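Peer 1: Sequence and predicted structure are below.
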2 protein chains.
Amino acid sequence: MKNASIKDVAKEAGVSKATVSYVLNDTPHQSISEETAARVREAVKKLDYVPNLNARSLSSRKTKLIGVVIPQTEPGREFLFSNPFYGDLLSSAEYAARRNGYHLLLSGSESNQSYMSIARNRGVDGIIIVGAYPTKWLDELHELSIPVVLVDTYVKDPVYHTIGINDRLGGRMATEYLIKNGHRSIAFVCGQIEDQGVVQKRYQGYRDALEGAGIKVKEEHIYSGNISFEYAQAVAQEMLKRGKKETAAFVSADILGMGLIKGLRRLNLRVPRDLSIVGFDDVYLAKMCDPSLTTVHQDIAAKGTTAVQFILDALSGEPGKQEKILPIELVERESVQKI
Amino acid sequence: MKNASIKDVAKEAGVSKATVSYVLNDTPHQSISEETAARVREAVKKLDYVPNLNARSLSSRKTKLIGVVIPQTEPGREFLFSNPFYGDLLSSAEYAARRNGYHLLLSGSESNQSYMSIARNRGVDGIIIVGAYPTKWLDELHELSIPVVLVDTYVKDPVYHTIGINDRLGGRMATEYLIKNGHRSIAFVCGQIEDQGVVQKRYQGYRDALEGAGIKVKEEHIYSGNISFEYAQAVAQEMLKRGKKETAAFVSADILGMGLIKGLRRLNLRVPRDLSIVGFDDVYLAKMCDPSLTTVHQDIAAKGTTAVQFILDALSGEPGKQEKILPIELVERESVQKI
């Protein structure tokens, strides 16, 4: 069966091609009656007509594509999802987009690649950028005049929509919880501390809590590498080498907590007996590991869904910049003990 | 800065727009000298010209998009990645595509949705379909005349490229390993057993091994639900309710092994002391859980990379159907004990 063309639909409905196009694109047009519109829709259905969105995008400037840029921490490696946070986020964004007739154009970013080229090349209707990037790169995107949503960055921008959580508060909550449980020698384990990034804020929260309790922040308790299971395993060894002065650790991502549990176990140390751990994110794995992780819960699915919603709102004429700070809470599980 | 147009490039290089287009699209054309082509490329560079691929797709029929369809096991739920296998696969496919100037158009499939509409709508250059689907749906895709790669299905098709492993052999290897370790009462835990799907073959392998050892296959040892951590937790309870006659389990996906470990632990049962487990896939989590999973390793990254490569090969004129069966091996970790 040959695909029906817009011409076939026009013929079937007894209208012009332009009329079919107006109806399909929901373009307001005074001279088209509801009856005519119904006839066009019927013809579309009868002929199983599927508009070619690539062709359509040239006239209506709508591609029904949303670009999603997800950071790649180590350049040249193929591990978009080594932090399960991104998989969880992408799942919910994909679902929200699909429900609204959109598709996601997925791109891992590499340190030196301009997002501009992705967006310009593809003619996406909107773009969701996850993580913190240099202001210069983000500024370039202004030229595109399409809605942009920044997820998880503290870069200030007058136009772009933003979605995030109070990371500094989260860091403080995690650390205060450990202090409340009697810990005073608390490690902070994280990836790179990027300027304007979420880890920087979580680190500030960690410092806030320690200082609030009159505990000195010590450089030797900070372990900053990359957000991976493997790095956290290595941290366990490093801790032991340094004489393991810590009784607890706050890790900036759950996956680091999982690596730490495993790394310690290889050294015959147990969580929480030998080290208490509080994670961050509450990825779906946090409750799967053993012991399950006490962690700062954030609604990752809502981040993805809201990001798509902001794009759709903007495309349907919602004016102005939208901002959303999602709530967080500490979830108590098995990885912390009182001392 | 206004985006440079193809006209600007033509002017800068002192050639026609058609010549610029030929050079950019690598269209063979006898009258364009290497010198002219070099001049065009220089102008492109100087003006930072980025071709609009949506426009280009209309003439060259190349969108530089590869559609990826990933199954959604429970309709209407947003859990594209509840099985980490898909995240691992997608990561490697995304990386391979990006390296070649392609992007992935991601779509979860819903049971009743025709893939046809995705592909027709978007004008993708090729499509990668993961999992087993009704032959009727796949047949419809033939009309599109674009390369299609089927990953992990046993549906026979004369044209589509296929990538998979020997799932039946894998199921046999896993089960024989348990038998070798003294187990004779072995559960099989899986998701839906779809016709022509990988689980069906792994199940056949399980039966092969039992029958080969003269052990009767018992219906009560088969637990078939869905591929999720939660289902496997529930299986642990169900096993106990049935009097826990099994000393071991072969699970059709690692994530089920993780759920089983956790579910048993809640009932104060330990792996491998109370139940030995062999998983399947060797997702990156398999070595993270505690105990780490003995499992049938497959090269998930190679599946994603090869799928993209098959599309690229076909687009660059490689004739004929390609098939690849990737090797598997049993990886011994901590979740099996000898009895």
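Peer 2: Arrived safely, thanks for sending.

Peer 1: okay, now the residue nearest to residue A:147 when sequence neighbours are not counted: neighbour count?
Peer 2: Leaving aside its chain neighbours, residue A:147 sits nearest to residue A:314 (3.6 Å; criterion: CB to CB, 6 or more residues apart in numbering or on different chains). C-beta coordinates here come from the backbone N, C-alpha and C atoms, glycine included. Neighbours of residue A:314 under the rule other CB atoms under 10 Å in any protein chain shown: 20.

Peer 1: Tell me how far residue A:314 lies from residue A:137.
Peer 2: To residue A:137, residue A:314 is 20 Å away according to CB to CB, to the nearest Å.

Peer 1: what do you get for residue A:107?
Peer 2: Separation of residue A:107 from residue A:137 (CB to CB): 14 Å.

Peer 1: more crowded one of the two?
Peer 2: Between residue A:107 and residue A:137, counted using other CB under 10 Å, the more crowded position is residue A:107 (24 against 15).

Peer 1: tell me the SS of the more buried one?
Peer 2: Counting by DSSP: H, G, I helix; E, B strand; the rest coil, the backbone at residue A:107 sits in strand.

Peer 1: I'd say it and residue B:94 touch.
Peer 2: Yes. Counting by CB atoms under 8 Å, residue A:107 does reach residue B:94; the two are 7.5 Å apart.

Peer 1: got a list of what the residue of the stretch 151-300 of chain A found nearest chain B touches?
Peer 2: The nearest approach of the stretch 151-300 of chain A to chain B comes at residue A:290, 4.5 Å away (CB to the nearest CB). The contact partners of residue A:290, by CB atoms under 8 Å, 6 or more residues apart in numbering or on different chains, come to A:261, B:261, B:262, B:265, B:289, B:290.

Peer 1: Any chance of those residues in CSV with distance to residue A:40 as columns?
Peer 2: Rendered in CSV, the data for the contacts of residue A:290 read as follows (distance: CB to CB, whole Å):
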residue, distance to residue A:40
A:261, 61
B:261, 57
B:262, 55
B:265, 60
B:289, 56
B:290, 61
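
Peer 1: want to throw these into CSV with pLDDT, distance to residue A:46 and secondary structure?
Peer 2: What follows is the contacts of residue A:290, written out as CSV (pLDDT from 0 to 100; distance: CB to CB, whole Å; DSSP: H, G, I helix; E, B strand; the rest coil):
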residue, pLDDT, distance to residue A:46, secondary structure
A:261, 95, 60, helix
B:261, 95, 55, helix
B:262, 92, 53, helix
B:265, 92, 58, helix
B:289, 85, 54, coil
B:290, 85, 59, coil
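
Peer 1: how about the closest residue to residue A:242 other than its chain neighbours, secondary structure?
Peer 2: Of all residues not flanking residue A:242 in the chain, residue A:220 sits nearest, at 6.5 Å (CB to CB, 6+ apart). At residue A:220 the chain is in helix, as set by three-state DSSP.

Peer 1: Hmm, residue A:220 is touching residue A:244, no?
Peer 2: No. Contact between residue A:220 and residue A:244 fails when scored by CB under 8 Å: they sit 11.3 Å apart.

Peer 1: okay, now residue A:197: neighbour count?
Peer 2: 22.

Peer 1: Counting neighbours, go ahead and name the busier of residue A:220 and residue A:244.
Peer 2: Neighbour count, other CB under 10 Å: between residue A:220 and residue A:244, residue A:244 has more, with 17 against 11.

Peer 1: hang on, isn't residue A:96 packed against residue A:302?
Peer 2: No. Between residue A:96 and residue A:302 there is no contact under CB under 8 Å: 10.1 Å.

Peer 1: These two: which is more packed in?
Peer 2: With neighbours defined as other CB under 10 Å, residue A:96 and residue A:302 compare such that residue A:96 has more, 22 against 17.

Peer 1: wait, what's in contact with that one?
Peer 2: A:304, A:305, A:308, A:309, B:78.

Peer 1: same thing with residue A:93?
Peer 2: For residue A:93, the contacting residues are A:66, A:68, A:104, A:128, A:304, A:305, A:307, A:308, by CB under 8 Å, 6+ apart.

Peer 1: Tell me how far it lies from residue A:149.
Peer 2: From residue A:93 across to residue A:149, the span is 10 Å (CB to CB).

Peer 1: between the two, what contacts are shared?
Peer 2: Joint contacts of residue A:93 and residue A:149 (CB under 8 Å, 6+ apart) are A:128, A:307.

Peer 1: Any idea how many residues pack against the spatially closest residue to residue A:233 that is not a sequence neighbour?
Peer 2: Excluding the flanking residues, the one nearest residue A:233 by CB to CB, 6+ apart is residue A:263, at 3.6 Å. Residues lying near residue A:263 (other CB under 10 Å) number 22.

Peer 1: In the stretch 1-150 of chain A, mark out all the strands, start to finish.
Peer 2: Counting by DSSP state E, counting those that start in this stretch, the stretch 1-150 of chain A has strands at residues A:65-71, A:103-109, A:126-130, A:148-151.

Peer 1: for the stretch 151-300 of chain A, same thing?
Peer 2: Using DSSP E, counting those that start in this stretch, strands in the stretch 151-300 of chain A cover A:161-165, A:186-190, A:222-224, A:248-251, A:276-281, A:294-298.

Peer 1: would JSON lines of those with mean neighbour count and mean pLDDT be doable?
Peer 2: Output for the strands of the stretch 151-300 of chain A, formatted as JSON lines (neighbours: other CB atoms under 10 Å in any protein chain shown; pLDDT from 0 to 100):
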{"stretch": "strand A:161-165", "mean neighbour count": "23", "mean pLDDT": "96"}
{"stretch": "strand A:186-190", "mean neighbour count": "27", "mean pLDDT": "98"}
{"stretch": "strand A:222-224", "mean neighbour count": "17", "mean pLDDT": "96"}
{"stretch": "strand A:248-251", "mean neighbour count": "30", "mean pLDDT": "98"}
{"stretch": "strand A:276-281", "mean neighbour count": "29", "mean pLDDT": "98"}
{"stretch": "strand A:294-298", "mean neighbour count": "24", "mean pLDDT": "98"}
